[in-house]
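Undergrad: Everything below, folded, please.
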Amino acid sequence: MRNSIAFWNILKKDIKNYYLKPPNISWGIIFPLSWTLMQLIRSPGENILELLPGLMAMSILFGTTSMLAVTITFERSGRSFERLLLAPISLNLMVLAKIAGTVLFGIFNAFVPVIFAGFFIDLRGVNFGIIFPAVFMIAISSALMGLLIAVSAEQVFEAQTLSNFFRFPMLFLCGLFLPVADLPVFLRPLSYCLPLTYGADILKGAITGGSSISPVLSFGMLMFFTITLFLFSRHNINRKWIL
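TA: You can find the predicted model right below:
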């Protein structure tokens with residue numbers, strides 16, 4: 001009971017202090033919407049369904065990593081994160097509580113392009129039974145990636161700069177808009193070392209039926225990356241902020 005209360009209060013504080021601020025709400029809507037419009041203007045004759053998986057995955061990636069860069073670095077500079085570390089709760093629970101709000105924000109971001117696309121095309125053929133768990137797994141793995149980056153930064157601009165070092169190459173390496181099979185041969189192994197590659201492939205299979213990796217393997221790899229990123233993030237917090 002005490003753990004659930006602590007989890008809820010950390011999540012509620014983050015939502016109130018960060019995620020419900022008007023700039024973040026508007027950014028969460030405008031960013032994926034602007035990317036959707038840009039892609040449609042760039043390729044007006046292209047099927048919206050072909051663009052949707054990449055837009056969803058990209059919206060999750062940028063939403064989760066950007067918000068964690070803000071929340072963690074602000075709380076470090078304000079010494080509020082240190083107070084959390086002194087609370088009588090486990091470090092695992094604290095990490096999960098800190099990423100919970102970001103995961104919800106990423107899920108919200110993911111479905112903005114879906115709602116927008118629904119005004120123009122028929123989405124009844126889309127397999128939402130696979131999309132929902134895929135979006136959830138992408139949001140968790142992206143949030144943990146953002147946490148791993150935020151732990152290593154002292155200021156917001158440092159965290160954002162470091163995040164961009166990983167995010168923008170992933171737009172081209174993870175098959176969001178350019179298939180992995182079309183990449184140079186020497187870059188393909190790097191693509192399969194990134195969790196977003198597997199998440200984007202699941203979304204492609206659910207939306208267009210064009211997946212190139214088994215969904216079971218993709219979900220398994222997302223789970224592997226999630227556990228690995230969680231352990232690395234927990235280790236870094238323990239090493240840099242506690243010991």
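Undergrad: drop to CA atoms for contacts and neighbour counts, all remaining ones
TA: Noted.
Undergrad: and residue 16, how many residues sit next to it?
TA: For residue 16, the neighbour count with other CA atoms under 10 Å is 10.
Undergrad: Retrieve the pLDDT associated with it.
TA: For residue 16, the pLDDT comes out at 76.
Undergrad: And for the one 10 residues further on?
TA: We have a pLDDT of 61 for residue 26.
Undergrad: Show me which helix or strand of the chain is least confident by mean pLDDT.
TA: Least confident element among the helices and strands of the chain, by mean pLDDT, DSSP states H and E: helix 80-85 (a mean of 62).
Undergrad: What residues sit buried inside the following helix or strand past it?
TA: Under the assignment DSSP states H and E, the closest C-terminal helix or strand after helix 80-85 is helix 91-118. Using 16 or more other CA atoms under 10 Å as the test for burial, helix 91-118 gives 91, 94-114, 117.
Undergrad: so what does the stretch of helix or strand residue 227 belongs to touch, helix or strand wise?
TA: Assigned by DSSP H and E, residue 227 falls within helix 215-237. Helices and strands touching helix 215-237, by 3 or more CA pairs under 8 Å, 6 or more residues apart in numbering; DSSP states H and E, are helix 91-118, helix 128-151, helix 195-207.
Undergrad: is it possible to export the ones you listed to TSV including mean pLDDT and distance to residue 51?
TA: Listed next are the helices and strands packed on helix 215-237 as TSV, based on pLDDT from 0 to 100; distance: least, CA to CA, whole Å:
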stretch	mean pLDDT	distance to residue 51
helix 91-118	83	10
helix 128-151	89	15
helix 195-207	91	9
